[in-house]
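*Asks:* I'd like to go over a predicted model; first the sequence, then the structure.
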Amino acid sequence: MSFSGKVLVVDDEAHIRKFVSLVVKSLGQPTVVEAANGEEAVQAYAREQPDLVLLDVNMPRIDGLQALQQLRRQDPDCVVVMLTSLVNRQTVDECLRLGAAGYLRKDTPRQEIADELRRIIAETFEEPEAPQ
Amino acid sequence: MSAVIDKPRSAAALPRVMIVEDDRVNARILAGILKPEGYELLAVGSGEAALQSYAEFRPDLVLLDVMMPGINGYEACRRLKQAHGEQCAPIVFITAKNESDDVVEGLAAGGVDYLPKPFRPKEAVARIRVHLQNRLLSEQQRRLVEQLNQSNAAKNRLMGMVAHDLRNPLASIRGLADFLRDGSVGAITAEQRDLVDNIFSASQSMLDLINELLDAAVVEAGELRVEIQPAPLAELLDKAVALNNINAARKGTRIAADLAGCPPSVPMDPKKIRQVVDNLLSNAVKFSPPDSTVRLRVDAEPGRCTVAVRDQGPGVPEDERGKLFQDFGRTSVRPTAGEQSIGLGLAICRKIVEAHGGSIAAENQPGGGCIFKFSLPLP
């Protein structure tokens, strides 16, 4: 699978954005845009209309959960995958309930992040149409 | 600054002794014997009155007559113990001389000692001193334990915070180094590659240490939760073997898996079991000589599925086997390529496996090497 969509990577830490962007780019020829906080994410989403958003949970001011809600309000079809470090089951469940497509642990090796992203992308974008 | 230990009340104030005795003459005699000791005294005339006054007076010792109108001394003792539990003041029965049945029943009801009537002042004072001293010491001990528990919880919280803040940057350092060294962002020279490899492995081992510490903090805080559901074990093992083989290959070690005996689905928390498998595999690789083979094998029998990881390392000395699954239980055996560990990994594995209702063990092989195996219950 080679992925060539547009991806918005949101994290308040520049090194994480860099790393996650490289992982995304390793999936094919995607366009990657970055945002450093929740507000920027909402603006960038409106401007760039990405196919996929990778959204950090833990950010100052507007955190990932709030940003997720704003994005889903702006575009109910938007595909958001949460970025977490420690897995806090409650937060993850809350994100999934609010419409996140999945979550990635940023501290796992890049192969695992790439595999999980591929799986989420395949599920979200390449699902064959169900017969009517 | 040293920790301030809040002083037990009885050390700062006078020890309080409650006398429960329906015979006023006896009560007065006892009070007279104890007065010179400087105790604060309260005399009540019945078991019911003792139960009522206890909470307000908060005695450090109760002198309790056996024969009283209303509830007798044994019953009063049982009720005091029930109401105040382990923190209840020691209870010394007042018994008539030579009534050894009273003594036995009193001790059975929870009393610590008895004072025979008529009282012999020196004996009474000596016994009461001893029990007050014990009370003081156990009170201090209880406070110390409480403080230690609080400090320990604070330490765990701090450790969690520190580890959490270190982890993201470390994960990025490792990840970015990984991109540099495989040439996917441009070619590098052999010398540059060597430097980047160093950055990668140093950040990798630091990340492992921090993860171990964090896991330990979670386990210690009693927050280890497993969510057990039927999951494909073979698939999980396949992934773990593939990933650990990448690290193993750097040492020239190989992991071979025999999954033929693996049941299609095993009730487990896949993420936690993956952690156990990763730990056993990385340990096996760590302690194996270069160019050896680590073998993973799964066997199922009715009610149980066992995953065994066999290495060709030096094995674990017989007398150190008990340490393996303990916190910080590092043995004298050292990794073969300078890898690091703080010795929490296997302790965490044991707790995870036990939370599944399974068991984990290690045994040396007659031909050399060690087998680590864990079993999970099957429905």
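*Replies:* Perfect, thanks for sending it.

*Asks:* what is the worst-scoring helix or strand of chain A on mean pLDDT packed up against?
*Replies:* Ranking every helix and strand in chain A by mean pLDDT, DSSP states H and E puts helix A:89-97 at the bottom, with a mean of 86. The contact analysis (3 or more CB pairs under 8 Å, 6 or more residues apart in numbering or on different chains; DSSP states H and E) places helix A:89-97 against helix A:64-74, strand A:80-84, strand A:102-105. Yep, even glycine has a C-beta here, placed from its N, CA and C like the rest.

*Asks:* quick one: mean pLDDT for the very next helix or strand once past the shortest one?
*Replies:* Using DSSP states H and E, the next helix or strand after strand A:102-105 towards the C-terminus is helix A:110-125. Mean pLDDT, taken over the full extent of helix A:110-125, equals 90.

*Asks:* can you check stretch B:227-246 too?
*Replies:* pLDDT averaged over stretch B:227-246 gives 91.

*Asks:* kindly report the same for stretch B:30-44.
*Replies:* The pLDDT scores in stretch B:30-44 average 93.

*Asks:* for it, buried residues please.
*Replies:* B:30-31, B:33-34, B:39, B:41-44 (16 or more other CB atoms under 10 Å in any protein chain shown).

*Asks:* list the ones among the residues you listed that fall in strands.
*Replies:* Cross-referencing those against strands under DSSP state E gives B:41-44.

*Asks:* residue B:192: which of these is nearest?
*Replies:* residue B:42 (83.2 Å; CB to CB).

*Asks:* interface residues of the stretch 251-379 of chain B facing chain A?
*Replies:* residue B:271 (CB under 8 Å from any CB of the partner chain).

*Asks:* CA atoms only: put the least confident helix or strand of chain A into PDB for me.
*Replies:* In PDB, the C-alpha atoms belonging to helix A:89-97 read as follows (Å, rounded to 0.1, in the frame of the first residue of the first chain):
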ATOM      1  CA  ARG A  89      -7.500   3.800  28.900                       C
ATOM      2  CA  GLN A  90     -10.100   6.300  30.000                       C
ATOM      3  CA  THR A  91      -8.700   9.000  27.800                       C
ATOM      4  CA  VAL A  92      -8.400   6.700  24.800                       C
ATOM      5  CA  ASP A  93     -12.000   5.400  25.300                       C
ATOM      6  CA  GLU A  94     -13.200   9.000  25.500                       C
ATOM      7  CA  CYS A  95     -11.400   9.900  22.200                       C
ATOM      8  CA  LEU A  96     -12.900   6.900  20.500                       C
ATOM      9  CA  ARG A  97     -16.300   7.800  21.800                       C
END
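
*Asks:* contacting residues around it?
*Replies:* With CB atoms under 8 Å, 6 or more residues apart in numbering or on different chains as the test, helix A:89-97 has contacts from A:57, A:64-65, A:68, A:82, A:84, A:102-103, B:225, B:227.

*Asks:* of these, grab the buried ones for ChimeraX.
*Replies:* Of the contacts of helix A:89-97, the buried ones can be selected in ChimeraX as follows, counting by 16+ other CB under 10 Å:
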select /A:57,64,65,68,82,84,102,103
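
*Asks:* make CSV out of the contacts of helix A:89-97 and add distance to residue B:59.
*Replies:* CSV is the format used below for those (distance: CB to CB, whole Å):
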residue, distance to residue B:59
A:57, 54
A:64, 57
A:65, 54
A:68, 60
A:82, 58
A:84, 55
A:102, 62
A:103, 58
B:225, 43
B:227, 49
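
*Asks:* mind picking the two most distant members of the contacts of helix A:89-97?
*Replies:* Pairwise distances across the contacts of helix A:89-97 peak at 24.4 Å for A:68 and B:225 (criterion: CB to CB).

*Asks:* near chain B, which residues of chain A? Just list them.
*Replies:* With CB under 8 Å from any CB as the criterion, chain A meets chain B at residues A:13, A:15-16, A:18-19, A:22-23, A:26, A:85-87, A:89, A:106-112.

*Asks:* which of those residues are buried?
*Replies:* Burial by neighbour count, 16+ other CB under 10 Å: within the residues of chain A next to chain B this picks out A:13, A:16, A:18-19, A:22-23, A:26, A:85-86, A:106-110.

*Asks:* report the two of those separated the most.
*Replies:* Greatest spatial distance among those (CB to CB): A:26 and A:86, at 24.6 Å.

*Asks:* do the helix ranked longest in chain B and chain A meet?
*Replies:* Of all the elements of type helix in chain B, the one with the most residues (DSSP state H) is helix B:121-181. Yes. Judged by CB under 8 Å from any CB, helix B:121-181 comes into contact with chain A at B:164, B:167-176, B:178-179.

*Asks:* ok, and what's touching stretch B:216-233?
*Replies:* A:89, B:152-153, B:156, B:159-160, B:163, B:262-270, B:272-273, B:298, B:305, B:307, B:327, B:344, B:347-348, B:351-352, B:355-356.

*Asks:* ranges for the strands of chain B?
*Replies:* With DSSP E as the criterion, chain B has strands spanning B:16-20, B:40-44, B:61-65, B:91-96, B:113-117, B:229-231, B:254-258, B:266-268, B:293-301, B:304-310, B:359-364, B:370-377.
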